[in-house]
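> what would the 3D arrangement of this be:
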Amino acid sequence: MAGATAAKVRVLPYKDFLQPALQRRFATSGLVILVIAYLEALLLGSWDSFLWAWFPLGPAGIRTFFFFLCGVLIIILRIAQHHPGVRTTSSPFATFLDSLRSFNTLETIITYAFSAWAFSQVYLWCVPEDAGLEYISYYHADRARLNEKTVFLTTHCVLVGVWHGIRHLFADVDRLQYGIAKPPNPDPTEADKNAIADDGDSNTQLQKLAQKLPEIVVFTLTQALTSTTATMIAYSLFLRGFVWRFTMSLFRPVYNLPKTNMTPMALPFSFPIILRCLWTSVLLTFVWTLGNEAFSLFMVKNPLKNNKPLTSESKDPNGSLLNGLKAKKLSIQQCFAMWELAYIARDFPDRRKAIYEDIDRKNGPMWSQVYKICIDTLKQIETRIDNYEKYGKPTVPDPVLYPEQNQVPAKKRLTETVPVDEEVFQPSPQRRGFREAIERTVGKVATDPNQPSQLSPAAKKIAGFAKEELIKAQKQATGTEDTEGLAKDFATKFLESPFGWPFRQTYRRKVAKVVLGEPYGEVSLYANAAFALSGLAARSLQEDKYGNVQRDVAGLVRALTGLVRKIEGFRQEVVVSWTDVERRRESKEADEILEGLRWSLRGVLEGFGDYARDVGLSVGDLRLAREAAGVKVTEEEMMGVRRWR
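Predicted coordinates:
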């Protein structure tokens, strides 16, 4: 037995197989950057000598080395900060607040800025002497002065780095988007065939990178134009004095520079220097963008080596795979292990049989442990939804903004009674908020302490006069008596503008935050868990000679059915926030998970539909499962007639 063998063999951790694969993929990404660095070194080289212009052991090789370091710094940053899953904050502004408290934000911006500064220094070394871009120039014999054109070019590159660091954080470039081992469609389209055939292969990743080149070129040119224009404005209005004084303080101890820090009269915006700023922006942006794309593509290649699962080289493949599946938190290791399990369930009969026949393993048979891990992973969604409905369910939407939603008809009272401690001056439904608080305060002040529910005649006159004056002052200032309505109208118009976008709490974000969890959630983890269970269960009819899987089929069907119904019900009950001005009830993440669950449920039903009674499924279970899977329920099933009788 596999379990008996495993007891005598040390089970290697899953990371022992994953890390070498990731290192090879990092090396491939670095090779892409090296090629780009060499091409840029050729573009900036002097072609006076044909041999030394391209020979790797000459000046071209030195330039390539430094350009490569500038690009590989970003890849090292990606290795330090990469994560699975999308961010699930409530709004872009909440993401911004979280980023302010994170050290990763400072690290990202500094890395990009330093990479850009280093690139600018290598570029200045590459330009010919007649370009006039030396830091120190001389006039009147030995009198030295600082060259502001060079200072501006260096400042421009650093600002480009800062901008791309901010964009890196804003676009969540650090996210790795994993694939899904989707089972083949019974009636596959050409797109389905290509998706399953390619599925993260190395050649496919190179083709994807080549297909993105035109998009990267357009993005690079756009960013170069935008960043150069923005740098010229920021430098002339805000940064010129500070940068000039700082650079003078650096060079003054070495060179005989003037004692004064007065900036030159003319700005350094000549046409040649603007062209050079554009050119450096293009070179920098291209190497960064292409390097990031290569890293994002190659690092999420399928978990295969030589067309076999990563753990196939282990002396105990099942044990190593279990180690990866048992990761406690959302991690790279857990996502890859679940992805590999889904591949095994779909494409590798030998590994499936090894799972079925591994019955003597510590802590239970291999199938039982896999089943529990996958079911627990899927039930995390159900637990989060239940906790949200119990503790975090929002109140009914404001009827002033959205009167058509969640209206509950008021119950009629037979008698109207006024409690003894009831306030006399109750605000009308149309007059709430600030005015309500003023009226309540005036009412309390004017009430006789000895008789809480009644006013003296003098107090009534004072209270009435105060309220009339308050209403007049408010109407003169705003033109209306409804102060709260004005504030809400203003807030809604602000949210509809481009400036209000960061503050919108959209329906999609609310659903993803609950379904996927915080602060990140990975869709492929749940989809691959469902596909793995479905594939192993459906193929157990022919391959599981011990029949262990059949005992869990009924529980699997009920779990998938309940989860589909739970997610669908939750999506219907989620209240759209008043800040979501577009009010689109769309959730891409929930749709992908539901698609995987329905697909998996259909696979189990197709395999065990004729044996439903034998595996413990009732008529009601079968009918609910078919409805959840999107399979048309026959009239006989609706009436409770067993199809197999």
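
> show me the shaky parts of the protein.
Of all residues in the chain, those with pLDDT under 70 make up the ranges 1-9, 140-141, 185-202, 391-463, 465-487, 633-645.

> centroid-nearest residue for it?
What sits nearest the mean C-alpha location of the chain, by CA atoms, centre = their mean, is V86, with 2.6 Å.

> in what helix or strand does R585 lie?
Secondary structure from DSSP states H and E places R585 outside every helix and strand.

> coming back round to it: OK, contacts around the residue nearest to the centre of the chain?
Counting by CB atoms under 8 Å, 6 or more residues apart in numbering, V86 makes contact with 172, 175, 512, 516, 520-523, 589. In short, each C-beta sits where N, CA and C put it, glycine included.

> and it, bridged to which residues?
Counting by DSSP bridges, V86 forms beta bridges with G521.

> what's the burial count for R623?
18 (other CB atoms under 10 Å).

> check which helix or strand it maps to.
Going by DSSP H and E, R623 is in helix 619-628.

> packing partners of that helix?
Here helix 619-628 touches helix 553-573, helix 588-608, helix 635-638, going by 3 or more CB pairs under 8 Å, 6 or more residues apart in numbering; DSSP states H and E.

> any idea where the strands of the stretch 201-350 of the chain begin and end?
304-305, 308-309 (DSSP state E, counting those that start in this stretch).

> tell me the strands beside the last one, with direction?
This points to strand 308-309. Partner strands for strand 308-309, per DSSP bridges, with pairing direction: strand 304-305 (antiparallel).

> what's the partner strand in contact with?
Residues contacting strand 304-305 (CB under 8 Å, 6+ apart): 17, 21, 200, 310, 312-313, 340, 343.

> hmm, which of those residues are the buried ones?
17, 21, 200, 310, 312, 340, 343 (16 or more other CB atoms under 10 Å).

> hang on, the first one packs against K315?
No - under the criterion of CB atoms under 8 Å, F17 makes no contact with K315, lying 11.6 Å away.

> so is V160 in a helix, a strand, or just coil?
Put simply, V160 is helix when judged by DSSP: H, G, I helix; E, B strand; the rest coil.

> measure it to F219 for me?
Relative to F219, V160 is positioned 14 Å away (CB to CB, to the nearest Å).

> mind listing the shared neighbours of the two?
Common contacts of V160 and F219, defined by CB under 8 Å, 6+ apart, comprise T285.

> just say helix, strand or coil for I180.
I180 ends up coil, using three-state DSSP.

> burial check on it, number of neighbours?
Using other CB under 10 Å, I180 is surrounded by 21 other residues.

> quick one: contacts for it?
339, 342, 523-524, 527-528, 531, 596.

> equivalent analysis for L378, please.
By CB under 8 Å, 6+ apart, the contact list for L378 reads 526, 529-530, 559-560, 563, 597.

> what about the helices in the stretch 151-300 of the chain?
Here the stretch 151-300 of the chain has its helices, by DSSP state H, counting those that start in this stretch, at 190-198, 202-211, 213-234, 240-251, 271-298.

> which one of these is the most hemmed in?
Burial of these is given as mean neighbour count (mean count of other CB atoms under 10 Å); helix 271-298 ranks first at a mean of 21.

> how about the contacts made by G562?
Listed by CB under 8 Å, 6+ apart, the contact partners of G562 are E382.

> just how off-centre is stretch 136-145 within its chain?
Put simply, stretch 136-145 sits 54 Å off its chain's centre (CA atoms, centre = their mean, to the nearest Å).

> can you pull the buried residues of that stretch?
For stretch 136-145, the buried set under the neighbour-count rule, 16+ other CB under 10 Å, comprises A144.

> can I get the contacts of I180 in a markdown table with neighbour count and distance to L325?
As requested, the contacts of I180 are exported to a markdown table (neighbours: other CB atoms under 10 Å; distance: CB to CB, whole Å):
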| residue | neighbour count | distance to L325 |
| --- | --- | --- |
| W339 | 29 | 11 |
| A342 | 29 | 11 |
| V523 | 24 | 18 |
| S524 | 23 | 14 |
| A527 | 27 | 15 |
| N528 | 29 | 11 |
| F531 | 28 | 14 |
| G596 | 25 | 17 |
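
> much appreciated, bye for now.
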